[in-house]
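S.K.: Curious how this folds, go ahead:
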Amino acid sequence: MARTVPRAGLEDVRDELFLLTEKPALVVANVSESALPDGGQEVAPILAMLGPRGDARPLVVVAAQIESELTELEAEEAEIFREELGLDAGALDRIVRAAFNALDLVVFFTADGPEARAWITPRGTPIAEAVAQIHTDFQKGFIRAEIVAFRDLQAYAAMADAKHAGRVRTVGRDYPVEDGDLVHVMV
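M.R.: Purely as a prediction, here's the structure:
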C-alpha cells in the first residue's frame, strides 16, 4: 500500500496523485460481547495486518449486536451496562471520535440565546480563520473572542457564573481553536 512506503521528501509524487490509500482511514472491528472492550483475540489478525507495515490507522472495537440491544434500553440503563462492559461511550460516539482524530479535526461551539451550533475545523486553526465559516465578516472584522471550554461551562449554571469563576478567557486572532471551545466572537 502507498501509505506504508516511506516518503521521498516534501514534494513526493504521491501528493499529485491523490491516492485513496494516502487518505486518513480507520478500521472498525465488529466483535462478540466476550471480546469487549479491547477486542481480545478476535482482533489479533487485524492488529497483525496493521502492525508490521507501520500502518497508523486507528482500530475501533464495537459489538454491533450489543449496541443494537442497548438502543432498546433507557439511557441510564444503557450507560450502566456499557460501564460493566468496560466501554466509555457508545459505538457511534467512539467511531466519530476516532474519525475526528484521524482527520485531525476539532469541534467548537457558538451560542446566541437559546440557539447553539457546532462548527468543525482542522486542529490548530487560528480563531479568526475558524469563525470565517460562521460569517466571512467575522474574519474581516475580528477584534477578539471570549473562550470557555465546554467542560468548564458544564460545571457552572450559566456563562456569567463561568466568567465570575475566571474560566472565560479573552483571546486574539492567532489563538488556535481547541476541541470543545465555546466561542463568543467580538467584531
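S.K.: Just the buried positions in stretch 25-40, please.
M.R.: Neighbour-count burial for stretch 25-40, counted by 16 or more other CB atoms under 10 Å, picks out 27-29, 31, 35-36, 39. Every C-beta, even on glycine, is put in place using the N, C-alpha and C of the backbone.
S.K.: JSON lines for the residues you listed, including distance to residue 184 and secondary structure?
M.R.: Formatted as JSON lines, the buried residues of stretch 25-40 follow (distance: CB to CB, whole Å; DSSP: H, G, I helix; E, B strand; the rest coil):
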{"residue": "27", "distance to residue 184": "39", "secondary structure": "strand"}
{"residue": "28", "distance to residue 184": "37", "secondary structure": "strand"}
{"residue": "29", "distance to residue 184": "41", "secondary structure": "strand"}
{"residue": "31", "distance to residue 184": "43", "secondary structure": "coil"}
{"residue": "35", "distance to residue 184": "45", "secondary structure": "helix"}
{"residue": "36", "distance to residue 184": "41", "secondary structure": "coil"}
{"residue": "39", "distance to residue 184": "42", "secondary structure": "coil"}
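S.K.: Find the pair from those with maximum spatial separation.
M.R.: 27 and 36 (16.5 Å; CB to CB).
S.K.: Flag the helix or strand of this protein with the lowest per-element mean pLDDT.
M.R.: Ranked by mean pLDDT, DSSP states H and E, the weakest helix or strand in the chain is helix 14-17, scoring a mean of 75.
S.K.: Please put the alpha-carbon coordinates of that helix into PDB.
M.R.: The C-alpha trace of helix 14-17 is given here as PDB (Å, rounded to 0.1, in the frame of the first residue of the first chain):
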ATOM      1  CA  ARG A  14       2.000  10.800  -4.300                       C
ATOM      2  CA  ASP A  15       0.900  14.300  -3.400                       C
ATOM      3  CA  GLU A  16       0.000  14.900  -7.000                       C
ATOM      4  CA  LEU A  17      -1.800  11.500  -7.500                       C
END
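S.K.: from the chain's centre, how far out does it sit?
M.R.: Distance of helix 14-17 from its chain centroid, counting by CA atoms, centre = their mean, to the nearest Å, is 27 Å.
S.K.: what does stretch 74-85 give?
M.R.: In terms of CA atoms, centre = their mean, the centre of stretch 74-85 is found 22 Å from the chain centre.
S.K.: try stretch 111-124
M.R.: 14 Å.
S.K.: any idea of the mean pLDDT in that stretch?
M.R.: In this model, stretch 111-124 carries a mean pLDDT of 91.
S.K.: Can you list the neighbours in contact with the lengthiest helix in the chain?
M.R.: Counting by DSSP state H, the longest helix found in the chain is helix 91-103. By CB atoms under 8 Å, 6 or more residues apart in numbering, the residues outside helix 91-103 that reach it are 24-26, 28, 57-58, 60, 62-64, 67, 87-89, 106-107, 179.
S.K.: how about a cut-off of 6 Å?
M.R.: 24, 26, 58, 60, 62, 67 (CB atoms under 6 Å, 6 or more residues apart in numbering).
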